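1. Any chance you can model this:
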Amino acid sequence: MKVNMNNKLYENCVFLGGTCANSTWRKDLISKLRDNVPYFDPQVEKWTKADAAREDACKPVARFNVFVITGDALGTYSGWEIHEEAMKDASRLIFCTVGELPANQVKGIGKIKEGLTCMGATICESLDEIANLLNKAYA
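-> Numbering: from 1, shown residues only. The predicted structure follows:
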């Protein structure tokens, strides 16, 4: 159930943050979610300030903030977002890496996973694991 940002449904949604670029992880995850799982997919073709404002309005009220990093990641801003959400309420944060990461990122991502675990975030090892967790949470 894609969230309509013109109403208040997103107050209990799943925010889908992380790698954009050419990654298809969002489509892949969404296809595994039951119809009753409300989500907000911030990935759009042409990013605008209005898109940024909707994303910033969604993250604080989402039931879960999911961040997936893939080897397709072109930037580092997701790292800041992950840190920001972990500092606010790590219990609502789900973090996962998907696919092969560049060799120079493996050690750093491992440290991020360790730190997030210590803060109380959920670390998943696959999109299936995320989908199972979310489908149970909204059952």
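
2. Every contact and neighbour count from this point should use C-alpha atoms.
-> OK.

3. how close does Gly99 get to Glu129?
-> According to CA to CA, to the nearest Å, Gly99 stands 14 Å off from Glu129.

4. now Tyr77
-> Taking CA to CA, one finds Tyr77 at 24 Å from Glu129.

5. These two: who's more crowded?
-> Applying other CA atoms under 10 Å to Tyr77 and Glu129 shows that Glu129 carries more neighbours, namely 14 against 11.

6. Other residues contacting the helix or strand where the more buried one lies?
-> If you go by DSSP states H and E, Glu129 is part of helix 127-137. For helix 127-137, contacts defined as CA atoms under 8 Å, 6 or more residues apart in numbering pick out Trp25, Asp28, Leu29, Lys32, Leu33, Arg34, Val37, Ile94, Cys96, Val98, Cys124.

7. 10 Å instead, please
-> For helix 127-137, contacts defined as CA atoms under 10 Å, 6 or more residues apart in numbering pick out 14, 25-26, 28-38, 63-64, 66, 68, 94-98, 122-124.

8. Now the top helix by length along the chain: buried residues?
-> The helix that spans the most residues within the chain, counting by DSSP state H, is helix 103-119. Neighbour-count burial for helix 103-119 flags Ile109, Ile112, Lys113, Leu116, Thr117 (criterion: 16 or more other CA atoms under 10 Å).
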